[in-house]
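Peer 1: here is my input; please provide its structure:
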Amino acid sequence: MPDKRSAEAFLKQWCAEVDASKIPAFMKFAKTVRSHWVGIIHFVETQITNGILEGINSKVQLAKRRARGYRNIDNFINMIYFLCGKLKFDYPLQIT
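Peer 2: Here you go, the predicted model:
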């Protein structure tokens, strides 16, 4: 949809047609669409998703699993920085 107004009009018409069809699976999906209405319209306006946030959360959960047994929160935070910081280390190729 090009803008908020046309997206809302389309969704209202679609939900009305689904309600008129009385198909249970579609009616359940239309209920889900209505419950996420604000987020759908917000995406149409901004074209921003929460995919990046979900990716970061996944890495934090990985750090949480790896940090098991650490004695303090600082080590856990360091693990998050290590995993999410995209740090590049230049390791020596040969031990001297």
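Peer 1: mind checking how far the helix ranked longest in the chain is from the chain centre?
Peer 2: Ranked by residue count under DSSP state H, the longest helix found in the chain is helix 4-21. Its chain's C-alpha centre and that of helix 4-21 lie 25 Å apart, by CA atoms, centre = their mean, to the nearest Å.
Peer 1: show me this protein divided up by domain.
Peer 2: Under automatic domain parsing, the residue ranges defining each domain of the chain are 4-46, 51-84.
Peer 1: adding distance to Leu93 and mean neighbour count, write those out as TSV.
Peer 2: For glycine as for every other residue, the C-beta is placed from the backbone atoms N, C-alpha and C. Supplementary listing: these in TSV, determined by distance: least, CB to CB, whole Å; neighbours: other CB atoms under 10 Å:
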stretch	distance to Leu93	mean neighbour count
domain 4-46	46	12
domain 51-84	22	12
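Peer 1: ranking these by mean pLDDT, which is last?
Peer 2: Ranked by mean pLDDT, the domains of the chain end with domain 51-84 in last place, scoring a mean of 81.
Peer 1: what's the span of that one, first residue to last?
Peer 2: Between the start and the finish of domain 51-84 there is a gap of 15 Å, counting by CA to CA, to the nearest Å.
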